[in-house]
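Peer 1: following is a predicted model, sequence given first.
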Amino acid sequence: MASLVADNIVEFEPPTTPSRSPRRHRIRLGRGLILLVAAAYFLLPIYAALHFSLQDNNGNFSLQPITAIPSQPGLGSAFFLSMRLAIVTMAITMLLMVPTMIYVHLKLPRFRRVMEVITILPIVIPPIVLILGVLQAAPGWLKASPYLLSLVYVILAMPFVYRSLDAGLGALDVKTLVEASRSLGAGWVATIWRIIVPNLRSALLSATVLTLALVLGEFTMASLDLWSTLPVWIVAFDQTNAHVSTAVAMLSLLATWLLLTLIVTLDRSTSRQQRRKRTS
Amino acid sequence: MLPFLLYVVLGLGIPTLVIINLAFRSASGHLTMSNINTITSGGQYLTGFETSLKLALVTSVIPGVLGTLIAYAVSTSRFETLRRIVATASGVLANFGGVNLAFMFVATIGFVGLVTGWLARIGLNPWSHGFSLYKFWGVALVYMYFQIPLMVLVITPALNGLRPAWREAAENLGASKWRFWRHVGMPVLTPSILASMFLLFGSGFSAYATTEALTGGTIALTPIQIGEFLQGNVISGEEHIGYALGFGMIVLVLISVIAYVTLQRRSAKWLR
């Protein structure tokens, strides 16, 4: 599965001194070529899928697949199931990971190495193998509930939630913040909820969106656990009307992308404002 | 700390142990090697592993090289917007995969896809030259759509760690561009690139949803075979083969994790 990622938002550092070598021209040409080919490879499928999802069954341009989306049988319940799973997954992830990460940053910095290795595992352990074991090990009452999926998704989401929070906490002076808050008489819950969490806002937001993307896109486990979540529905419905199911698939991709870009942009502009305030 | 470890043990450790245990049990519960023997003695299961490994190798080496080139081209570019777009795009695309991805490629270069149509018009229809989206190279082409962004994500920090001072020092000492890369750039980057490729290898090896949605299970990959087993398509007497296949995958994946961690340690010496 591709629902894996180390750092989700990488920052490309600005280029350093421009190289003055005489071969600069040729290098720029090479770079342009690489980027052009990459752009073609990544954009053409998106264009083709959009093109396809805006066609009626005779291949003519039509908005009908889009307008028909709300009335498709089963789509509503699949979407709400996915949303419920996503909310439960996000809640468990945050409750589990935020206190743990704060604790590790404060008291056990050496444990970060171990956490790093643990959180690599869900990227490479095949989801299909994991669900095989989970279905075998889970007690019956849990297997009957769709929320078993949420419990496993928490594991799948760990790699990027970990990295996102680790970067966020690394940028804060957690120790000073906690000591200040504690010495002013705040309890642990108040310290986490009112001091740390607001400071981690952007890291938490991007972790949340990527968890959402993961849950909305996860097919392997949901289909084998026999729950009709959004991606499972999309595959099943493809037999009925491929145009509509491609339209739904594209909508979910573009929505995720927009959300993520929005968060990154908002985050950049607020941090820029803060920087300006600091310098003025 | 404790809740986290408990969760990992329950959610990741126990299921893994259960699979390892069942891989060595017969259907009636006795200890046996017969499941493992069935797999390793040839036949469709061994072929499945071979194809899976080949696919993982192809989709880790090629995207590894291309991803590094793209990341380098982007990180040295002057346009800030380009860098930002590539950063968010690779975040989304690396997480993408699966069903939606399969559909996109069917619409693009499937039998009646858009690009297939364009190519056919200039007489180069790939389908009449032996290409099929539903066979090995077709699936590999699709996998690269999430493997390349994954590579861009994991290799960019390493590229950023390449200090300009090193290049300046090399230039001052009269090194050509080629010699800089040969003696400074590549030796520093190689462990990171290799480590990232191992990560890609694991990710390509375990991908299931994309192939399942694309081919409906006609290509014999180990994850697909495990899927068949889970859906109940099993020959009697081979009820535990699925667990043995899972066990095999865990072993191979652990090897690549160990390689990844070791190589990362090595590269941490320079890049930090």
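Peer 2: Nice, I can see it. Residues are numbered from 1 along each chain as shown, chains lettered A, B, ... in the order given.
Peer 1: CA atoms for contacts and neighbours, from now on please.
Peer 2: Fine.
Peer 1: quick one: contacts for residue B:26?
Peer 2: B:32, B:34, B:35, B:240 (C-alpha atoms under 8 Å, 6 or more residues apart in numbering or on different chains).
Peer 1: which one of those sits closest to residue A:231?
Peer 2: Set against residue A:231, the nearest of those by C-alpha to C-alpha is residue B:240 (28.6 Å).
Peer 1: quick one: distance of the longest helix along chain B to the chain centre.
Peer 2: For chain B, the helix with the greatest residue count under DSSP state H is helix B:44-75. The chain centre lies 6 Å from the centre of helix B:44-75; the measure is C-alpha atoms, centre = their mean, to the nearest Å.
Peer 1: follow-up on the earlier one: reformat the contacts of residue B:26 as JSON lines; add pLDDT, secondary structure and distance to chain A.
Peer 2: As requested, the contacts of residue B:26 are arranged in JSON lines below (pLDDT from 0 to 100; DSSP: H, G, I helix; E, B strand; the rest coil; distance: C-alpha to the nearest C-alpha, whole Å):
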{"residue": "B:32", "pLDDT": "78", "secondary structure": "coil", "distance to chain A": "19"}
{"residue": "B:34", "pLDDT": "78", "secondary structure": "helix", "distance to chain A": "20"}
{"residue": "B:35", "pLDDT": "78", "secondary structure": "helix", "distance to chain A": "16"}
{"residue": "B:240", "pLDDT": "79", "secondary structure": "coil", "distance to chain A": "11"}
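Peer 1: show me how to select, in ChimeraX, the buried members of those.
Peer 2: Command for ChimeraX, covering only those of these found buried under the criterion 16 or more other C-alpha atoms under 10 Å in any protein chain shown:
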select /B:34,35,240
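Peer 1: mind putting the contacts of residue B:26 into JSON lines with distance to residue A:207?
Peer 2: Output for these, formatted as JSON lines (distance: C-alpha to C-alpha, whole Å):
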{"residue": "B:32", "distance to residue A:207": "44"}
{"residue": "B:34", "distance to residue A:207": "44"}
{"residue": "B:35", "distance to residue A:207": "41"}
{"residue": "B:240", "distance to residue A:207": "38"}
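Peer 1: what helix or strand is residue B:93 on?
Peer 2: helix B:80-94 (DSSP states H and E).
Peer 1: which ones are touching residue 53?
Peer 2: This is for chain A. Residue A:53 neighbours (C-alpha under 8 Å, 6+ apart): A:65, A:66, A:243, A:244, A:246, A:247.
Peer 1: you answered for a different chain; I wanted chain B.
Peer 2: residue B:205.
Peer 1: now residue B:69. Nearest residue, chain neighbours left out?
Peer 2: Nearest non-adjacent residue to residue B:69, counting by C-alpha to C-alpha, 6 or more residues apart in numbering or on different chains: residue A:34, 7.6 Å away.
Peer 1: number of nearby residues for residue 202?
Peer 2: Just going to use chain A. Counted by other C-alpha atoms under 10 Å in any protein chain shown, the residues lying close to residue A:202 total 20.
Peer 1: I was after chain B.
Peer 2: 29.
Peer 1: state the helix or strand in which it lies.
Peer 2: Going by DSSP H and E, residue B:202 is in helix B:186-206.
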